[in-house]
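coords please:
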Amino acid sequence: MGFLTEVWAKAATGKETAPKPPEAVILPDAQPVQDASKSAANPDATETTGKEPKEWGYDLYPERRGETYKPRLSRILFGAEGKESIDRYKCEQNVYWCVKNGPLVKLMMGALRSSGCPMDLRRHISCEVCDPSVTGGYDPVLNQIVVCQNMAKNKSMVHGVLTHEMIHMFDYCNNDLDFRNVDHLACTEIRAANLAHCSFLSAMMQGDASPFNVKEAHQNCVKSKALASVLAVRNISHQAAVDAVERVFPKCYADLEPIGRRIRRNSTDQQKAFMEASMFGYDVY
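Residues are numbered from 1 along each chain as shown. Model (predicted):
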């Protein structure tokens, strides 16, 4: 029995609960990086509530649906809400800092630029209030990265969100991915988890690592994160998501473009990856 099958078998018997969706959860279906005109809402990626079709994933991002966020009075009184303008300003400051100083963000922006998909901060990145279960996401219709200002409140978290979403952008720009295809979606989520998030420490925190499976810990962490992301944005069964992740895992896990290495915690890997980017033809500066 494979790792993911074991995870969901335990969940089905009540021994474990399904993992919460990580970052990058909008992806209602397609996930283009260049033009919003290239994608549209896909009926396969919707769920029906009564007679109203609902785009899968957008419920986590109120402002994506054209709504104005309205803080609740009870939460304002306790100081939990009511400072949205200040939070947005701080979020935008953190985004700007990451673009100027974050090694992986600078690398990804250079890789996108070299691939013919340059980013404009004012156009392609938006700080917004999101559901507390997520810290960021990618909107394929408006071609924007969403940084959740109420959840990603420090430079480190914003750096992780931007890197994750830029990997999705890079995949579409270079590989012409179709995110209506669940295998394509699973592949880019595997790559984002592989290059931007998972380490032995994060695997330990997720419960995917132990002294007895050190070698497989990173792969298990990647599978768990990718599976959770697929389930967060596609209205499909657990087994269908597991099958998609397992089908594409060997090829997508081995693809380290454009970062070139798996980043270890508390190491100089980020700086090394940035310094090596020009060797592979990426315009970083």
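
pull out the buried positions in stretch 167-186.
Of all the residues in stretch 167-186, those buried under the rule 16 or more other C-beta atoms under 10 Å are 167-174, 177-180, 182, 184-186. Placement of C-beta: from N, CA and C, glycine included.

only alpha carbons, please: show it as CSV.
C-alpha atoms of stretch 167-186 as CSV (Å, rounded to 0.1, in the frame of the first residue of the first chain):
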residue,chain,number,x,y,z
ILE,A,167,6.4,28.1,-9.5
HIS,A,168,2.9,27.7,-10.8
MET,A,169,3.4,30.7,-13.1
PHE,A,170,6.7,29.3,-14.3
ASP,A,171,5.1,25.9,-15.1
TYR,A,172,2.4,27.4,-17.2
CYS,A,173,4.7,29.8,-19.0
ASN,A,174,7.2,27.1,-20.0
ASN,A,175,5.1,23.9,-20.3
ASP,A,176,1.7,25.2,-21.5
LEU,A,177,0.0,23.3,-18.7
ASP,A,178,-3.7,22.8,-18.7
PHE,A,179,-4.9,23.1,-15.1
ARG,A,180,-8.3,21.7,-16.1
ASN,A,181,-6.4,18.4,-16.2
VAL,A,182,-6.1,17.0,-12.7
ASP,A,183,-2.7,15.4,-13.5
HIS,A,184,-1.3,18.8,-14.6
LEU,A,185,-2.6,20.4,-11.4
ALA,A,186,-1.1,17.6,-9.3
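
could you give the mean pLDDT of the host helix or strand of Met157?
Assigned by DSSP states H and E, Met157 falls within helix 155-175. Averaged across helix 155-175, pLDDT comes to 90.

same for it, what does it pack against?
Where contact means 3 or more C-beta pairs under 8 Å, 6 or more residues apart in numbering; DSSP states H and E, helix 155-175 is packed against helix 84-101, helix 103-114, strand 136-139, strand 144-148, helix 182-196.

now those as CSV including mean pLDDT and distance to Ala273?
Listed next are the helices and strands packed on helix 155-175 as CSV, based on pLDDT from 0 to 100; distance: least, C-beta to C-beta, whole Å:
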stretch, mean pLDDT, distance to Ala273
helix 84-101, 93, 15
helix 103-114, 94, 6
strand 136-139, 84, 21
strand 144-148, 90, 20
helix 182-196, 93, 9
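
wait, which of these is closest to Tyr282?
helix 103-114 (4.6 Å; C-beta to C-beta).

contacting residues around the helix or strand following that closest one?
Going down the chain from helix 103-114, the next helix or strand is helix 121-124, by DSSP H and E. Identification of contacts with helix 121-124 by C-beta atoms under 8 Å, 6 or more residues apart in numbering yields Val95, Tyr96, Val99, Asn143, Gln144, Ile145.

quick check, nearest of the buried residues of stretch 167-186 to Ala193?
Among the buried residues of stretch 167-186, Ile167 lies closest to Ala193 (C-beta to C-beta), at 9.3 Å.

from Asp59, how far off is that closest one?
24 Å (C-beta to C-beta, to the nearest Å).

ok, now Gln144?
Taking C-beta to C-beta as the measure, Gln144 falls 17 Å from Asp59.

neighbour count: the two, which is higher?
Higher neighbour count among Gln144 and Asp59: Gln144, with 19 against 14, using other C-beta atoms under 10 Å.

who's the more buried one bridged to?
Here Gln144 sits in beta bridges with Asp139, as judged by DSSP bridges.

wait, it sits on Ile125?
Yes: using C-beta atoms under 8 Å, Gln144 is in contact with Ile125, at 6.7 Å.

any shared contact partners between these two?
Common contacts of Gln144 and Ile125, defined by C-beta under 8 Å, 6+ apart, are absent altogether.

from the buried residues of stretch 167-186, which single one is nearest Cys130?
Distance to Cys130, by C-beta to C-beta, is smallest for His168 among the buried residues of stretch 167-186, at 16.8 Å.

ok, back up a step: tilt between the helix holding Met157 and helix 84-101?
Counting by axes from the mean of the first three to the mean of the last three C-alpha atoms, to 10 degrees, helix 155-175 lies at 60 degrees to helix 84-101.

and the angle for helix 155-175 with strand 144-148?
Going by the same axes, to 10 degrees, helix 155-175 makes 160 degrees with strand 144-148.

just the strands from the stretch 151-285 of the chain, written as ranges.
Remark: no strands are assigned in the stretch 151-285 of the chain by DSSP state E, counting those that start in this stretch.
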